[in-house]
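> predicted coordinates and the sequence they were generated for:
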Amino acid sequence: MNRRGTGWKVLPDATRPSSLGVVLVVLAAWAAGREATGQSLPEGAVSRLGSPPPQPAAVFAFSPDGEALATGGIEGTVRLWDARTYARLREFETHWTSVGAVAFAPDGRSFAAAGWDHRTNDSSAVFLWSRSDGAELRRIAAAAPYAEDLAFSPDGVLLAAAANQKTLIFEVSTGDQRLALAGAAAIAFSPDGRRLAAAHSWKTAKLLMFETTSGEVVWEKDLGRTIGSLAYSPDGRWLAVGIKNMQSPSAIALLDGETGDEIRSLEGHTDGIWDLAFSADGSRLASTAIDDAIRVWDPSGGGELLRVAEGVGAAAVAFSPDGLTLAAAGGRQHWVHAWDAATGAERSASHDGAVLAVAFAPGGDELAAASSDGRLHVWDVASGTRRLAFPVAEGEAIAVAWSPDGRTLATIGSQEPRVRLWNATDGQALRDAGRFDRPAVSLAFSADGTVLFVGCDGRAVHAIDVATGTEQVRLEGHRRPVTGLAVSAADGTVASGGWDGEIRLWSPTTAAAGVWNAGAVLPAHTGDVDVLQFSADGGTLLSAGRDDRLLVWSLPVGAGGQPARTIELEAGRLTGAALSPDGGVIAAAVGTRTLRRWQLEFVDRRGLLAEPDAVPETSLRLFEGATGRELRSFTGHAGGALCAAFSPDGRRIATGGRDGTVLVWDATLASSP
């Protein structure tokens with residue numbers, strides 16, 4: 001079923017006989033990791049880690065042959081995509097402000113969409129388009145406003161459109177209305193096409209079974225609870241009904257598909273059921289709910305077989321035709337996830353959000369990417385395959401750092417007053433590194449890995465003992481939040497930069513009785529200091545600020561306290577920066593700057609991603625460290641880049657983009673014309 005805000009669902013009958021085939025094609029590409037989209041790599045890039053996720057959509061459907069994807073957005077636009085590459089094939093303008101449902105015909109030659117214009121309260125219309133050339137085949141005027149679900153009959157002869165006021169059944173060939181039935185929020189054709197099950201509305205518990213030839217009510221049930229979703233087993237034996245009790249435990253009622261008598265109740269979800277789907281052999285039933293959990297059930301015995309995911313927030317779920325893969329989509333994130341249906345192991349390899357921070361492992365063989373989906377992704381750089389992906393933040397993951405020995409990863413989540421430590425081998429949580437009064441913003445390990453320096457919204461730098469998580473010392477002096485940190489591997493000097501625009505240098509040799517004193521105080525930028533990085537020998541410090549300037553400091557700084565070089569970029573375009581280990585090259589990540597990362601509680605996770613029609617932009621600019629002269633610029637990320645990092649050997653540069661991918665670039669091209 002395709003409901004407003006729920007994305008795509010595969011019915012286990014001939015309504016969509018092979019809709020999930022495309023998911024397997026796409027996921028096979030995702031599993032390949034780098035440049036899996038079929039798109040050519042941009043000039044200068046050596047690999048792409050992760051595939052650009054499907055574009056934002058409120059509802060979507062795959063063609064039965066698995067080659068096309070139709071999406072409908074909350075802005076009222078319907079789009080057709082190549083399902084393998086996600087290249088946009090066509091865009092269909094409508095008068096709608098919101099698309100309520102999309103569905104492909106069983107033969108895959110056409111697809112339907114329904115929507116609504118909230119500005120005029122205009123009645124819904126159902127459009128039918130040709131997939132091959134985009135021609136409008138039919139426009140069916142529907143008297144019921146805002147269809148929330150569309151379903152083709154298994155033979156493709158009928159199209160049902162469900163809305164709160166009424167459910168209409170049309171002849172596909174002519175557009176003529178055959179039946180007008182009671183309003184519904186969810187519908188499902190029986191596998192033989194003789195009946196249509198309809199959940200009366202979101203606010204009632206009435207379930208009706210209609211005969212599709214006459215519209216006669218075969219039976220009617222009052223389940224006493226709000227109904228949110230329906231699914232027939234492939235053999236028609238069972239009709240699964242998802243109960244949508246908001247913010248309270250919700251069950252799945254398993255009914256006799258012929259009589260509607262309740263056989264058993266499947267209980268476990270703690271909030272309303274979003275969607276249901278049977279496996280092709282009918283031996284398993286998958287459910288996804290508002291509690292962000294996806295579960296797999298044994299419909300015969302009623303037991304829970306598998307809990308596939310927590311925190312995904314999906315609103316639609318389906319098994320692959322062979323039953324080996326379970327896919328889910330929609331809800332908060334609006335794209336496809338996939339898991340091994342037997343083990344629950346995740347099969348997709350993509351960032352489900354914009355990439356906000358990247359960091360190479362000390363050996364340079366792996367790269368960690370923090371994403372606005374709240375997860376940390378660890379990639380093998382050589383093969384382009386993802387080794388780990390695990391949740392590290394309740395909101396966006398905004399910062400990541402490797403310990404010098406490569407065994408530990410430290411992360412910060414937006415608006416979280418702590419830093420979390422993780423085992424870099426298996427992603428298991430180790431401990432929190434400090435608890436603070438205000439949100440953590442920036443972090444950096446000491447050269448020996450025993451201390452983690454954390455900058456906070458509370459204007460101080462906290463030195464945390466990594467082994468115990470306790471605070472050793474607090475470095476105070478900034479007048480505003482500390483937004484940038486770096487530690488020199490050469491002598492242990494700590495550089496901190498703040499929202500106050502100042503850079504403070506703290507030397508461990510000035511420590512007395514556990515208190516560090518600031519050395520040089522550099523009034524560097526006119527806005528936040530977002531990035532600080534030392535060269536390997538400690539002789540050069542790079543700073544980047546929200547004033548769109550890159551400053552290169554020769555250390556020790558002279559009496560005048562002025563940078564050796566200043567590089568100015570276009571206003572609002574500098575989003576990140578990195579310094580090569582030898583100090584010879586500066587990499588500037590270029591894109592469209594959003595809110596400060598540590599203020600991302602005000603931004604929806606998906607809102608950070610590039611818009612559907614975004615095109616590759618200039619994402620990386622390289623400058624000569626000694627002169628500030630621009631060497632090269634590269635175009636790559638749709639919507640631009642948000643962060644950058646050099647590999648330890650200086651031969652690679654990684655950028656994270658708003659398109660949800662990491663591009664790895666050949667840094668040696670900086671010396672090429």
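Cool, the structure landed. Numbers count the residues shown, from 1 in each chain.
> for the rest of this, base every contact and every neighbour count on C-alpha atoms.
Noted.
> so how far is residue 308 from residue 297?
According to Cα to Cα, to the nearest Å, residue 297 and residue 308 sit 11 Å apart.
> out of the two, which sits in the busier spot?
More crowded of residue 297 and residue 308, by other Cα atoms under 10 Å: residue 308, with 23 against 20.
> so where's the stretch 401-550 of the chain shaky on pLDDT?
509-519 (pLDDT under 70).
> any chance you could map the strands in it?
Counting by DSSP state E, counting those that start in this stretch, the stretch 401-550 of the chain has strands at residues 408-413, 418-423, 429-435, 440-445, 451-456, 460-465, 471-476, 482-487, 494-498, 502-506, 518-523, 529-534, 540-545, 549-554.
> residue boundaries of the helices in the stretch 1-150 of the chain?
In the stretch 1-150 of the chain, the helices defined using DSSP state H, counting those that start in this stretch lie at 21-32.
> any low-confidence regions in it?
For the stretch 1-150 of the chain, residues meeting the criterion pLDDT under 70 lie at 1-40, 51-58, 66, 74, 83-87, 118-124, 142-146.
> at which residues are the strands of it located?
Along the stretch 1-150 of the chain, counting by DSSP E, counting those that start in this stretch, strands occupy 45-49, 59-62, 68-72, 78-82, 88-92, 98-104, 110-116, 125-130, 136-141, 149-152.
> including distance to residue 646, could these go into JSON lines?
Formatted as JSON lines, the strands of the stretch 1-150 of the chain follow (distance: least, Cα to Cα, whole Å):
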{"stretch": "strand 45-49", "distance to residue 646": "14"}
{"stretch": "strand 59-62", "distance to residue 646": "38"}
{"stretch": "strand 68-72", "distance to residue 646": "37"}
{"stretch": "strand 78-82", "distance to residue 646": "34"}
{"stretch": "strand 88-92", "distance to residue 646": "33"}
{"stretch": "strand 98-104", "distance to residue 646": "43"}
{"stretch": "strand 110-116", "distance to residue 646": "46"}
{"stretch": "strand 125-130", "distance to residue 646": "48"}
{"stretch": "strand 136-141", "distance to residue 646": "51"}
{"stretch": "strand 149-152", "distance to residue 646": "49"}
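> need the ones you listed in JSON lines with mean neighbour count and distance to residue 668, can you?
Output for the strands of the stretch 1-150 of the chain, formatted as JSON lines (neighbours: other Cα atoms under 10 Å; distance: least, Cα to Cα, whole Å):
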{"stretch": "strand 45-49", "mean neighbour count": "23", "distance to residue 668": "11"}
{"stretch": "strand 59-62", "mean neighbour count": "32", "distance to residue 668": "42"}
{"stretch": "strand 68-72", "mean neighbour count": "26", "distance to residue 668": "39"}
{"stretch": "strand 78-82", "mean neighbour count": "21", "distance to residue 668": "35"}
{"stretch": "strand 88-92", "mean neighbour count": "15", "distance to residue 668": "34"}
{"stretch": "strand 98-104", "mean neighbour count": "30", "distance to residue 668": "48"}
{"stretch": "strand 110-116", "mean neighbour count": "26", "distance to residue 668": "49"}
{"stretch": "strand 125-130", "mean neighbour count": "21", "distance to residue 668": "49"}
{"stretch": "strand 136-141", "mean neighbour count": "16", "distance to residue 668": "51"}
{"stretch": "strand 149-152", "mean neighbour count": "28", "distance to residue 668": "54"}
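> out of those, which is closest to residue 324?
The closest of the strands of the stretch 1-150 of the chain to residue 324 is strand 59-62. By Cα to Cα, the value is 18.3 Å.
> what pairs with that closest one, and is each one parallel or antiparallel?
Take DSSP bridges as the rule and strand 59-62 pairs in its sheet with strand 68-72 (antiparallel).
> specify the angle between the partner strand and strand 98-104 in degrees.
Strand 68-72 and strand 98-104 are oriented at 160 degrees to each other (axes from the mean of the first three to the mean of the last three Cα atoms, to 10 degrees).
> neighbours of residue 343, just the number please.
Residue 343 has 13 nearby residues by other Cα under 10 Å.
> ditto for the one 10 residues further on
By other Cα under 10 Å, 27 other residues sit near residue 353.
> host element of the one residue sitting closest to the centre of the chain?
Geometric centre of the chain, nearest residue: residue 352, 2.2 Å, by Cα atoms, centre = their mean. Under DSSP states H and E, no helix or strand contains residue 352.
> isn't it right up against residue 369?
No - assessed by Cα atoms under 8 Å, residue 352 is found out of contact with residue 369, at 11.5 Å.
> hmm, back to that, now the residue nearest to the centre of the chain. Nearest residue, chain neighbours left out?
In this structure, residue 352 finds its nearest non-sequential neighbour in residue 373, 5.5 Å apart by Cα to Cα, 6 or more residues apart in numbering.
> could you count how many residues lie near the one you found?
As a burial measure, residue 373 scores 28 neighbours (other Cα under 10 Å).
> so it versus residue 397, what's the distance?
7 Å.
> kindly report the same for residue 370.
5 Å.
> can you check which residues contact both of these two?
Jointly contacting residue 370 and residue 397 under the rule Cα atoms under 8 Å, 6 or more residues apart in numbering are 356, 376.
> now do the contacts for the nearest residue to residue 324 once chain neighbours are set aside.
Setting aside the residues directly before and after it, residue 324 is nearest to residue 341 in space (Cα to Cα, 6+ apart), at 5.3 Å. Contacts for residue 341 (Cα under 8 Å, 6+ apart) come out as 308, 319, 323-326.
> in TSV: those, plus secondary structure, pLDDT and distance to residue 274.
As requested, the contacts of residue 341 are exported to TSV (DSSP: H, G, I helix; E, B strand; the rest coil; pLDDT from 0 to 100; distance: Cα to Cα, whole Å):
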residue	secondary structure	pLDDT	distance to residue 274
308	strand	82	15
319	strand	79	16
323	coil	81	21
324	coil	81	22
325	strand	78	19
326	strand	81	16
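> can I get the buried part of those residues as one PyMOL selection?
Per 16 or more other Cα atoms under 10 Å, the buried members of the contacts of residue 341 correspond to this PyMOL selection:
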select buried, resi 308+319+323+325+326
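> is it true that residue 300 touches residue 266?
No - the criterion here is Cα under 8 Å, and residue 300 misses it with residue 266 at 10.6 Å.
> which of those two has more neighbours?
Neighbour count, other Cα under 10 Å: between residue 300 and residue 266, residue 266 has more, with 19 against 14.
> quick check, pLDDT for that one.
Listed pLDDT for residue 266 reads 93.
> direction included, what does the host helix or strand of it pair up with?
Using DSSP H and E, residue 266 sits within strand 262-269. According to DSSP bridges, strand 262-269 forms sheet pairs with strand 250-256 (antiparallel).
> can I get the CA coordinates of the partner strand in CSV?
C-alpha atoms of strand 250-256 as CSV (Å, rounded to 0.1, in the frame of the first residue of the first chain):
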residue,chain,number,x,y,z
SER,A,250,-0.4,-1.8,19.7
ALA,A,251,-1.0,-5.3,18.4
ILE,A,252,-1.4,-7.0,15.1
ALA,A,253,-4.8,-8.7,14.7
LEU,A,254,-4.5,-11.9,12.6
LEU,A,255,-7.9,-12.6,11.0
ASP,A,256,-9.3,-15.4,9.0
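> and that strand, average pLDDT?
Strand 250-256 comes out with an average pLDDT of 91.
> how far does that strand sit from the chain's center?
31 Å (Cα atoms, centre = their mean, to the nearest Å).
> and what of stretch 274-284?
Distance of stretch 274-284 from its chain centroid, counting by Cα atoms, centre = their mean, is 25 Å.
> which parts of it are buried?
274-280, 282, 284.
> what sits against the residue nearest to residue 213 when sequence neighbours are not counted?
Nearest in space to residue 213, with sequence neighbours left out and distances taken as Cα to Cα, 6+ apart, is residue 194 at 7.3 Å. When contacts are counted by Cα under 8 Å, 6+ apart, residue 194 touches 211-213.
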